[in-house]
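K.L.:
3D model of this:
(one chain, ligands or ions: 1)
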Amino acid sequence: MKIAGVVTRTIRFDPDRPEAVAVIDQRQLPHQLVWQPLPDLETAAWAIEEMVVRGAPLIGATAAVGMALAGMAARSTADFQGAIAEAAQRLLKTRPTAVNLHWAIAQQLAAVADCQSGAAAFDRLRLRAAEIIEADVQQCAQIGHHGQRLIADIYAQTGRPVNVLTHCNAGWLACVDWGTATAPIYQAFDQGIPLHVWVDETRPRNQGAKLTAWELGQHGVPHTLIADNTGGHLMQHGLVDLVIVGSDRTTRCGDVANKIGTYLKALAAKDNDLPFYVALPSSTIDWTLRDGVREIPIEQRSDREVKYMDGRTESGAIASVLICPEASPAANYGFDVTPARLVTGLITERGLCAASEAGLLGLFPEQGAQNHG
Ligand SMILES: CSC[C@@H](O)[C@@H](O)C(=O)COP(=O)(O)O
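P.N.:
You can find the predicted model right below:
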């Protein structure tokens, strides 16, 4: 997508110069655009932990690159396989909920399993990282292609701008390009379908306010930022036509983990008979799990993210302010699970399906015989 008119991706990676990889530091948006170099495995792991990069697909892409950087450091060592296995363990500890992290690391481990030298392993790792990055772009573009029809159909029925509500940032900043939830929005918008997006601010880290509002604005998509609790009211008054969110992990039965607060939007959508869709690449599906509420690990982060807010002051400085009594404890659950029964459908790179095992297996029949958990 574009920043100030310049085509940009969230991660710059050239397999011929893996040491030059850099990512957009998302902690600094929307106030400044800063590129963070990732010279080694430890910096890549730190970038995921500290949410320099975030969003399930981008976490996966960065982990794949982290593995390539570990392979680069170990390419002349005898125990290169040991070093690569250790790198996988380090990356797996960074964030627990997004399964794309596990998926990307498993891809990299499989790529080097039969390598006899560090140099060969390094070659495989850098090329596979580039493929994972490129595949993410293609998959998100396909999600957009399949999902834009939902918006086009509503416009054909109503003849007025389509109001889409989204939560968190499942935009191109959460991926390499296009986004998941935003890909249908961008593609419908680019086709000239009139639309408007309600952007949940998404406390505590405000990914909606900081990131989704920014990237929609850069693309010229009409949008309005709302406090997190506003969606239900808008739905009751006919001001939402469609909800589209992303996912960090979707079970084989269609339960969806996504940013905390997603479940409440799904409940409100159900009560108002509104379509609630989840857009995700297949790398976000955990085929080993069935019951999302019981089985998906939910990240808990520092209470500081709830108790403090940061932003730009009127004088232009970036500052962090305490918004509650200093002594009050705070809980910070990063994600919640929306049961499949509340999800109208899933939008994947292979098309739309019901949020159910049958629906997913209809699109991904190769998963049928495996991992029945
Ligand atoms: C296309 S990204 C889907 C999800 O990863 C996104 O909605 C989300 O919850 C991101 O959470 P974050 O904590 O910012 O990594």
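
K.L.:
show me the contacts for the residue nearest to G208 when sequence neighbours are not counted.
P.N.:
Distances taken as CB to CB, 6 or more residues apart in numbering place T202 nearest to G208, at 3.8 Å, with adjacent residues excluded. (Each C-beta comes from the backbone N, C-alpha and C, glycine too.) Contact analysis of T202 by CB atoms under 8 Å, 6 or more residues apart in numbering lists H167, C168, N169, G208, A209, T212, D228, K259, G261.

K.L.:
how about a cut-off of 7 Å?
P.N.:
Contact analysis of T202 by CB atoms under 7 Å, 6 or more residues apart in numbering lists H167, C168, G208, A209, D228, K259, G261.

K.L.:
show me what the one residue in the stretch 251-373 of the chain that gets nearest to the ligand bridges to in the sheet.
P.N.:
For the stretch 251-373 of the chain, the residue closest to the ligand is K259, as judged by CB to the nearest ligand atom, at 3.3 Å. Here K259 sits in beta bridges with F335, going by DSSP bridges.

K.L.:
counting neighbours, what do you get for it?
P.N.:
Neighbours of K259 under the rule other CB atoms under 10 Å: 27.

K.L.:
that one and T166 touch, don't they?
P.N.:
No: counting by CB atoms under 7 Å, K259 sits too far from T166 to count as a contact (10.3 Å).

K.L.:
I'd like to know which elements the helix or strand containing A121 is packed against.
P.N.:
In this assignment (DSSP states H and E), A121 forms part of helix 118-158. Applying 3 or more CB pairs under 7 Å, 6 or more residues apart in numbering; DSSP states H and E, one finds that helix 118-158 contacts helix 56-73, helix 80-92, helix 99-112, strand 162-166, helix 182-190, strand 242-245, strand 276-279, strand 345-348.

K.L.:
most packed of these?
P.N.:
Compared across the helices and strands packed on helix 118-158, helix 56-73 shows the largest average neighbour count, a mean of 29 (mean count of other CB atoms under 10 Å).

K.L.:
helices and strands around that helix, which ones?
P.N.:
Using 3+ CB pairs under 7 Å, 6+ apart as the contact test, the elements touching helix 56-73 are strand 11-12, helix 41-49, helix 80-92, helix 99-112, helix 118-158.

K.L.:
residue of this structure nearest the ligand, please.
P.N.:
G246 (2.7 Å).

K.L.:
got the contact list for that residue?
P.N.:
Contacts for G246 (CB under 7 Å, 6+ apart) come out as A56, C168, A170, A174, T180, A181, N258, A279, L280.

K.L.:
so which of the helices and strands packed on helix 118-158 is nearest L125?
P.N.:
Each of the helices and strands packed on helix 118-158 has some distance to L125 by CB to CB; the shortest is helix 56-73, at 3.8 Å.

K.L.:
and the closest one, anywhere near the ligand?
P.N.:
Yes: residues of helix 56-73 contacting the ligand under CB under 6 Å from any ligand atom: A56, P57.

K.L.:
within range of the ligand, give me the residues from the chain.
P.N.:
Contact residues, the chain versus the ligand (CB under 6 Å from any ligand atom): 54-57, 98, 168, 170, 174-175, 179-180, 207, 246-248, 258-259, 334.

K.L.:
any low-confidence regions in the chain?
P.N.:
369-373 (pLDDT under 70).

K.L.:
and for it, the residue most distant from the center?
P.N.:
For the chain, the residue at maximal distance from the C-alpha centroid (CA atoms, centre = their mean) is A78, at 36.6 Å.

K.L.:
need the three-state assignment for that one.
P.N.:
Under the three-state scheme (DSSP: H, G, I helix; E, B strand; the rest coil), A78 adopts coil.

K.L.:
which residues in the stretch 251-373 of the chain form helices?
P.N.:
Using DSSP state H, counting those that start in this stretch, the helices of the stretch 251-373 of the chain run over 262-271, 292-295, 304-307, 357-363.

K.L.:
what's the most buried one of these?
P.N.:
Neighbour counts (mean count of other CB under 10 Å) averaged over each of these peak at helix 262-271, with a mean of 20.

K.L.:
which helices and strands does that helix pack with?
P.N.:
Judged by 3+ CB pairs under 7 Å, 6+ apart, helix 262-271 is in contact with helix 231-236, strand 242-245, strand 335-338.
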